[in-house]
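Student: how would this look folded up:
(chains A and B)
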Number of protein chains: 2
Amino acid sequence: MADDAVSVTAVVEAVRENRLWQRHMDIAAIGATGRGGVNRQALTPEDGQARRLMLEWASELGFTASVDAIGNLFIRRAGAQPASDPVVAGSHLDSQPTGGNFDGVFGVLAALEVLEAANDAGVVTGRPLELVVWTNEEGARFQPATMGSAVYAGALQLETVLASSDSDGVTVEQALAGTLKAAPVPVRRDFRSPMAAYVEAHIEQGPVLESTGNTIGVVTGIQGLRWFQVEVGGEEAHAGTTPRSNRRDALAAAVAMVTKLQALMFDESDTVRFTVGRFEVAPNSPNTIPGRVVFTIDFRHPDQDVLTRLGDRVEPVCRAEAQDCTVKVVETMNAPPTEFDPDVRDLVRSAARRQAFRHMDMTSGATHDAKFMAGLCPSGMIFVPCESGVSHNEAENASAADLAAGARVLAEVAIRLANR
Amino acid sequence: MADDAVSVTAVVEAVRENRLWQRHMDIAAIGATGRGGVNRQALTPEDGQARRLMLEWASELGFTASVDAIGNLFIRRAGAQPASDPVVAGSHLDSQPTGGNFDGVFGVLAALEVLEAANDAGVVTGRPLELVVWTNEEGARFQPATMGSAVYAGALQLETVLASSDSDGVTVEQALAGTLKAAPVPVRRDFRSPMAAYVEAHIEQGPVLESTGNTIGVVTGIQGLRWFQVEVGGEEAHAGTTPRSNRRDALAAAVAMVTKLQALMFDESDTVRFTVGRFEVAPNSPNTIPGRVVFTIDFRHPDQDVLTRLGDRVEPVCRAEAQDCTVKVVETMNAPPTEFDPDVRDLVRSAARRQAFRHMDMTSGATHDAKFMAGLCPSGMIFVPCESGVSHNEAENASAADLAAGARVLAEVAIRLANR
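Tutor: Residues are numbered from 1 along each chain as shown, chains lettered A, B, ... in the order given. All right, here's what the predicted structure looks like:
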């Protein structure tokens, strides 16, 4: 094993901005919408294609691959101590239906860049270095989000999520079989296989780094999150003949629920994040009174007490506004606020300082797979700026220089952790 | 030409309840959902199949067919005076996405029953008797509703409606070509070809006949209707990272619009019919702030002044509630209240009286193709009860006896009109 300071410098200097950028463009071509973004939802043929490209790159570089039963893909660069627990870095390749080219992809490609830079620098680490591609981080096609990391960590049962289906009735189990056929990996990986540490690089998905002129965000934690699905049942009837007093209008009831929930969630400090992102009406015909509405609630806050107090009011508020309709409220995800490992935070901070990148501590508004790793091993995250804070949008953008800066900080942190 | 009273009696007595019911069941099998109803939306393969069955029945009975450029299908039983304007009866075969087995179908099959009963009775009428199947009455797949009769009457331009597309981007022109291929008719019919009279039989789609113990509704007119489509444009953004004050949330704005519109449309007398039946969100993902919502408004009232006053407020209310979103309001249909021809109403009333069916005068809450015919020729409608007033619902039901009663009243009215 080489002297740590020399190894760190060599790997950091071997990070190539152009190579990292080009790989982002290669992945962006898979599921490209033609409007600047991608639709590469989890376990679609496009997801399979992106995984296959990762496997090709890994194979060319001499790395080995393994996959677990929910499809999380691991790519390993061997270390001097092959039996020691690996240092893992990664994120996800799946996107929102109208997603950008950096969300998730950056964390995966930054990890690949670190592994390849270690090759180029001829550095042998003590522990193996691993890259991970988590399955279905976005939760757009299949709920819940961060599915792969949650199952890996034991926070969700495999059987439960395999039965989860998309809006066409296709299950995770069916879709996953197709993905693993498109991007086959013979070696199996167990859930909860030990990791020495986990570090995830990601675009900020908010405006803070850009507006404060910082290049690196030292992520201290992730706000907590509760997801709900509300199903409202009314009665289909003719729009022209049915008096208001005889109606059981699922849309009218759902609109009343959303309005009251907005009032419940209003805070002067603008800290609560409350979103109704999906709202589906049946039969969705202009002249039929809706018989069924299903909508989702995404509620986040950094404070566990607020999460508990307001989140527990969701179902009572929906029931109070149900009018003559039936209502079923299911909590589909409940994640407390996460605090990242102080040691990993220190490593990120000192790497940014040593490499002379302006940096700041910050909490993550978005959830990430690192949340579930934090319960398994020392974990942390590195943020880089994205243009105007825009994400979950085809206009999402980041600069090649900032992405390379994030990869260089990741390289330093990973090499230091792998040589401990 | 036979003596009128003898002919009328002969044809009325030749109406067969079982045959009429069986034909309803035959049509109900096309697009059957397995839950008791049908999904036979306009210009789908199922619509084509139902039209083909009509053509087969017509051909077996010696009737001739013609079709116009929007796909309205006419089936003619010749009269003694072949050049005279026909007496026309009919309705539609297309359904709501989760529709019933009687809405529209009854008016078509009652007309066929009258034509066949005239055959069976050996009656030759003066004027030809015609059956019409209007294209896309429901407006579920393609907007606007009552498309075929509106184009026939000149109330809509053919070019405009041919370019109308469904939610998959398929145009009426494309879908119509497929339907006419599935159910080909070589003879062309001109729009606005003269008719001596038009009579449409239909289930009531409301609870009044059943609850008052009447079998026949003498329809005096149709309430007026205005349809709007509202498109709200926001900005897609990450649900976890974007503060409320930075959001342009298309769903939040749309919910505010619907809430204010409900307040605007509230009347103590419960005469206003206000429905938001379609509400579509993009990208419709739980953790992305919606960037676009499109919703429809179906607003009806018997009084033209109320239609004008409240309908003209729709766009200002939507603009006032747009928050930071863009809003585009398009009025997709504007139909004043219709009054049916007093002479046709008298004929319906006296036929019901002569045949000893309990009957009452009533206005129609639903719109029908007869609305557009009323501007072209003396027109009227005959209602029969439907179970619990339920319609636009797979549970829609009607009794074979009531359907036969409606067909017998239609027979008498049609024969009398055709012998004038």
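
Student: What distance do you get for the residue nearest to A:Arg354 when sequence neighbours are not counted to chain B?
Tutor: Distance criterion Cβ to Cβ, 6 or more residues apart in numbering or on different chains; nearest residue to A:Arg354, sequence neighbours excluded, is A:Glu412 at 7.2 Å. Just so you know, the C-beta spots here come from the backbone N, C-alpha and C atoms, and that holds for glycine as well. A:Glu412 is 26 Å from chain B, where distance means Cβ to the nearest Cβ, to the nearest Å.

Student: And A:Glu412, how far from A:Ala374?
Tutor: Distance of A:Glu412 to A:Ala374, given as Cβ to Cβ, to the nearest Å: 21 Å.

Student: A:Val255 too?
Tutor: 38 Å.

Student: before we move on, the earlier item: in a helix, the residue nearest to A:Arg354, correct?
Tutor: Yes - counting by DSSP: H, G, I helix; E, B strand; the rest coil, A:Glu412 is located in a helix.

Student: Only the buried residues of stretch A:210-229, if you could.
Tutor: By 16 or more other Cβ atoms under 10 Å in any protein chain shown, the buried positions in stretch A:210-229 come out as A:210, A:214-229.

Student: whoops, stretch A:322-333 was the one
Tutor: For stretch A:322-333, a neighbour-count test (16+ other Cβ under 10 Å) marks A:322-323, A:325, A:327, A:329, A:332-333 as buried.

Student: And for stretch A:315-322?
Tutor: Quick answer for stretch A:315-322 (16+ other Cβ under 10 Å): A:315, A:317-318, A:321-322.

Student: Give the rounded mean pLDDT of it.
Tutor: Averaging pLDDT along stretch A:315-322 gives 98.

Student: where's A:Ala83 relative to chain B, distance?
Tutor: 38 Å.

Student: so how far is A:Val151 from that residue?
Tutor: 25 Å.

Student: neighbour-wise, which of the two wins?
Tutor: A:Val151 (28 against 7; other Cβ atoms under 10 Å in any protein chain shown).

Student: so what secondary structure elements neighbour the helix or strand of chain A at the bottom of the mean pLDDT ranking?
Tutor: The least trusted helix or strand in chain A, going by mean pLDDT, DSSP states H and E, turns out to be strand A:237-238, with a mean of 88. Judged by 3 or more Cβ pairs under 8 Å, 6 or more residues apart in numbering or on different chains; DSSP states H and E, strand A:237-238 is in contact with strand A:288-289.

Student: per-residue confidence averaged over the next helix-or-strand element following the strand it packs on?
Tutor: The helix or strand immediately downstream of strand A:288-289 is strand A:292-301, counting by DSSP states H and E. The average pLDDT for strand A:292-301 rounds to 97.

Student: do stretch A:359-368 as well
Tutor: Mean predicted confidence for stretch A:359-368 is 93.

Student: what's the answer for stretch A:273-284, then?
Tutor: pLDDT averaged over stretch A:273-284 gives 97.

Student: One more: stretch A:39-53?
Tutor: Mean predicted confidence for stretch A:39-53 is 98.

Student: ranges for the helices of the stretch 51-200 of chain A?
Tutor: A:105-121, A:147-153, A:158-162, A:172-182 (DSSP state H, counting those that start in this stretch).

Student: So which elements touch the first one?
Tutor: In terms of contact count using 3+ Cβ pairs under 8 Å, 6+ apart, helix A:105-121 is assigned the packing partners helix A:4-14, helix A:17-28, helix A:45-60, strand A:73-77, strand A:87-92, strand A:129-134, strand A:197-203, helix A:400-418.

Student: now for the ones you listed, which one comes closest to B:Met25?
Tutor: Closest of the helices and strands packed on helix A:105-121 to B:Met25 is helix A:45-60, at 42.5 Å (criterion: Cβ to Cβ).

Student: Domain parsing of chain A, as residue ranges.
Tutor: A:4-223+A:337-418, A:225-335 (automatic domain parsing).

Student: Run through the residues that contact the most far-flung residue of chain A relative to its centre.
Tutor: Within chain A, the residue lying farthest from the chain centre (Cα atoms, centre = their mean) is A:Thr241, at 47.5 Å. Going by Cβ atoms under 8 Å, 6 or more residues apart in numbering or on different chains, A:Thr241 touches B:204-206, B:273, B:364-366, B:389, B:391.

Student: which one of the domains of chain A lies closest to B:Glu56?
Tutor: Among these, if distance is taken as Cβ to Cβ, the winner is domain A:225-335, at 29.5 Å.

Student: Surely the residue nearest to A:Arg354 is in contact with A:Arg353?
Tutor: No - using Cβ atoms under 8 Å as the test, A:Glu412 is too far from A:Arg353 to be in contact (10.5 Å).

Student: out of the two, which sits in the more crowded spot?
Tutor: A:Glu412 (24 against 14).

Student: how close does the more buried one sit to B:Arg192?
Tutor: 80 Å.

Student: Next, the angle from whichever strand or helix holds A:Lys328 to strand A:292-301.
Tutor: Element membership for A:Lys328 (DSSP H and E) is strand A:326-335. Note on geometry: by axes from the mean of the first three to the mean of the last three Cα atoms, to 10 degrees, strand A:326-335 and strand A:292-301 are set 30 degrees apart in direction.

Student: can you tell me which of the buried residues of stretch A:210-229 are in strands?
Tutor: Residues of these located in strands (DSSP state E): A:216-222, A:224-229.

Student: which parts of the stretch 1-150 of chain A sit against chain B?
Tutor: Within the stretch 1-150 of chain A, the positions near chain B by Cβ under 8 Å from any Cβ of the partner chain are A:96-98, A:138-140, A:143, A:145.

Student: Need the residues you listed in CSV (columns: pLDDT).
Tutor: Output for these, formatted as CSV (pLDDT from 0 to 100):
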residue, pLDDT
A:Gln96, 93
A:Pro97, 94
A:Thr98, 93
A:Glu138, 94
A:Gly139, 93
A:Ala140, 91
A:Gln143, 89
A:Ala145, 90
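
Student: Tell me which two of the residues you listed sit farthest apart.
Tutor: Pairwise over the residues of the stretch 1-150 of chain A next to chain B, using Cβ to Cβ, the maximum falls at A:Thr98 and A:Gln143, 17.8 Å.
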